[in-house]
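Undergrad: structure of the sequence below:
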Amino acid sequence: MTDSGNDFLKYVDLLDEFITVRAFDQGTLPFDVPKHLNSVAYRRAVVESCVVDYASKVRPLFRRSAVYTEDSVIEALYNICVDVNPHLSITEVALPTGKPAVSSPALETEPAAVPDRIRSGEMFDYLTTRIVGQDTAARRVADTFRRAKYNLRNPRKPRGVMLFVGPSGMGKTEMGKAVADYGFGSNLVRIDCSEYVLPHERAKLIGAPPGYVGYHEGGLLTGRVRTNPRSVVLFDEVEKAHQNVHDLLLQLFDDGVVTASDGVVVPFNQTFVVMTSNIGAADAQRVSRTVGFNRRHPSESQAEDLYQDAVRKYFRPELVNRIDAVVPFRTLDKGDVQQIARLTVGNLNSYLAPREVSLSLTPAAAALIADRADYRAWGARHVERIVETGIADPLAVMLERGKVKKGDRIAITADHGELVLSVQ
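TA: Residues are numbered from 1 along each chain as shown. Below is the predicted model:
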């Protein structure tokens, strides 16, 4: 077995670093077939063969982090390896058995294929680990993928069209990013619809008309999907876009294609479309304030009815009827935000791993972060900023002054309403 001699740097979102991935010749199997072969063993073998210095450098970084499970790490790295080596995809590869080879069409050669590595149970576990407090939304996403996996929908249309609704800071955008990381090799096309409020700004999505500046540059939407057909397309705050953009979405959802300004028809049948919106959030919050003396939030069924009504009032029926699911994101409680604070500190731990320094967050400190974040109004939106200013900044000062040494453990506690860092 000889490789092609090409190595590529690929970005890993979980690490916020680049790793080196080796590219092998088409048809080359760079490892021995595992004795006990299953999907998990195969993915692990691909990662260990393709990721340069995986055992000595990459794997230890993940093992020091308490945020991600090893299975989720293997899945993320496997997706990256397959991007560089498409012939090693579990749906493409033909493994030697000692018998005459029999070729069969791979799923991903079909127009509407979804990678076999996407299993709804595994995906649900990954999404609920990544997005705290939104199990129902994660289940709806996983169920939509199950239908796509078995081609139980029109093969010319996108693999899914979902509208995530709820208050700001509840994880809607992050859920879209998580879907891209899990099932689409981190290929995310993100469109901030607040930048498309004027009629002519639709041209930015499909490209400038002939004779105008930027004609040959391609559209932000069509150009990127043409380059990476298997992507998650995320329309953030979709209600803010002009009606011209909504007309474009109607074409995308109905026909599964968008015609770029240069006349090229770009298929979207391998994409998964996610839209986010705050429509109906004010109504849901108003109901939560009027159900009694104790603040309670509407039940899931009540919340879904409120959001469905708001969506139908705002968008045209022909657009709403082409959305697979309107998924409400529930309001996070203090326990959810405390867990998000722990995950955010866990990310800091992964950054500190090369220094062999670790952080521990006490329950009182997590509660203080949740209170400072004003979670009732903003959910988890301000948690990262609070961790940066209340933990990362003081820690940087301690490192600069030499107060933290290799192997130290730093406890984060709360004292009189302030976060306190102390070396143990």
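Undergrad: how about the secondary structure of the closest residue to Ala281 other than its chain neighbours?
TA: Leaving aside its sequence neighbours, Ala281 sits nearest to Pro167 (C-beta to C-beta, 6 or more residues apart in numbering; 4.3 Å). Using the backbone N, CA and C atoms, a C-beta is placed for each residue, glycine as well. With DSSP: H, G, I helix; E, B strand; the rest coil as the basis, Pro167 sits in coil.
Undergrad: was I right to think Pro167 contacts Asn278?
TA: Yes. Under the criterion of C-beta atoms under 8 Å, Pro167 makes contact with Asn278 at 6.7 Å.
Undergrad: between the two, which one's more packed in?
TA: Pro167 (22 against 16; other C-beta atoms under 10 Å).
Undergrad: gap between the more buried one and Ser277?
TA: 11 Å (C-beta to C-beta, to the nearest Å).
Undergrad: quick check: Gln251 vs Ala377, distance?
TA: Going from Gln251 to Ala377 by C-beta to C-beta gives 37 Å.
Undergrad: where in the chain is pLDDT low?
TA: 1-5, 34-36, 63-71, 96-121, 210-218, 284-285, 287-300 (pLDDT under 70).
Undergrad: now do the strands for it: every range, in order, please.
TA: 3-12, 17-24, 160-165, 188-192, 232-236, 257-259, 265-267, 272-277, 325-328, 358-361, 409-415, 418-423 (DSSP state E).
Undergrad: would you format those strands as a markdown table with distance to Ala392 included?
TA: Listed next are the strands of the chain as a markdown table, based on distance: least, C-beta to C-beta, whole Å:
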| stretch | distance to Ala392 |
| --- | --- |
| strand 3-12 | 21 |
| strand 17-24 | 17 |
| strand 160-165 | 29 |
| strand 188-192 | 25 |
| strand 232-236 | 26 |
| strand 257-259 | 42 |
| strand 265-267 | 42 |
| strand 272-277 | 28 |
| strand 325-328 | 33 |
| strand 358-361 | 10 |
| strand 409-415 | 11 |
| strand 418-423 | 10 |
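Undergrad: tabulate the ones you listed (CSV), appending mean neighbour count.
TA: Converted to CSV, the strands of the chain look like this (neighbours: other C-beta atoms under 10 Å):
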stretch, mean neighbour count
strand 3-12, 14
strand 17-24, 17
strand 160-165, 24
strand 188-192, 18
strand 232-236, 24
strand 257-259, 17
strand 265-267, 16
strand 272-277, 26
strand 325-328, 22
strand 358-361, 18
strand 409-415, 17
strand 418-423, 14
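Undergrad: wait, which of those is closest to Gln308?
TA: The minimum distance between Gln308 and the strands of the chain falls on strand 325-328, with 5.7 Å, by C-beta to C-beta.
Undergrad: could I have that closest one exported to CSV, CA atoms only?
TA: Extracted C-alpha coordinates of strand 325-328, given in CSV (Å, rounded to 0.1, in the frame of the first residue of the first chain):
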residue,chain,number,x,y,z
ALA,A,325,-41.1,20.7,10.7
VAL,A,326,-41.5,23.9,12.8
VAL,A,327,-39.4,23.0,15.9
PRO,A,328,-39.8,25.1,19.1
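Undergrad: which helices and strands does it pack with?
TA: helix 135-149, strand 160-165, helix 300-314 (3 or more C-beta pairs under 8 Å, 6 or more residues apart in numbering; DSSP states H and E).
Undergrad: can you tell me what sits against that strand?
TA: Strand 325-328 has contacts (C-beta atoms under 8 Å, 6 or more residues apart in numbering) with 136-137, 140-141, 144, 162-166, 280, 284, 300, 303-304, 307-308, 311, 320.
Undergrad: parallel or antiparallel, list what pairs with that strand.
TA: Within its sheet, and counting by DSSP bridges, strand 325-328 is paired with strand 160-165 (parallel).
Undergrad: what's the closest of the strands of the chain to Val47?
TA: Per C-beta to C-beta, nearest to Val47 of those: strand 17-24, 9.5 Å.
Undergrad: so how far is the closest one from its chain's centroid?
TA: The gap between where strand 17-24 is centred and where its chain is centred comes out at 21 Å by C-alpha atoms, centre = their mean, to the nearest Å.
Undergrad: which secondary structure elements does it contact?
TA: strand 3-12, helix 39-50, helix 70-84.
Undergrad: go through these and pick out the most buried.
TA: helix 70-84 (a mean of 21; mean count of other C-beta atoms under 10 Å).
Undergrad: angle of that one against helix 39-50?
TA: 60 degrees (axes from the mean of the first three to the mean of the last three C-alpha atoms, to 10 degrees).
Undergrad: hmm, who's touching helix 70-84?
TA: By C-beta under 8 Å, 6+ apart, helix 70-84 touches 8, 10, 12-14, 19, 21-23, 40, 43-44, 46-47, 50-51, 54, 58, 62-63, 88-89, 117, 122, 126, 129-130, 181-186.
Undergrad: now it against strand 17-24, angle please.
TA: Using the same axes, to 10 degrees: helix 70-84 against strand 17-24 is 50 degrees.
Undergrad: and the helices in the stretch 201-350 of the chain?
TA: Listed in chain order, the helices of the stretch 201-350 of the chain (DSSP state H, counting those that start in this stretch) span 203-206, 222-227, 243-255, 281-288, 300-314, 317-320, 334-352.
Undergrad: which parts of the last one are buried?
TA: I take that to be helix 334-352. 336-345, 347-352 (16 or more other C-beta atoms under 10 Å).
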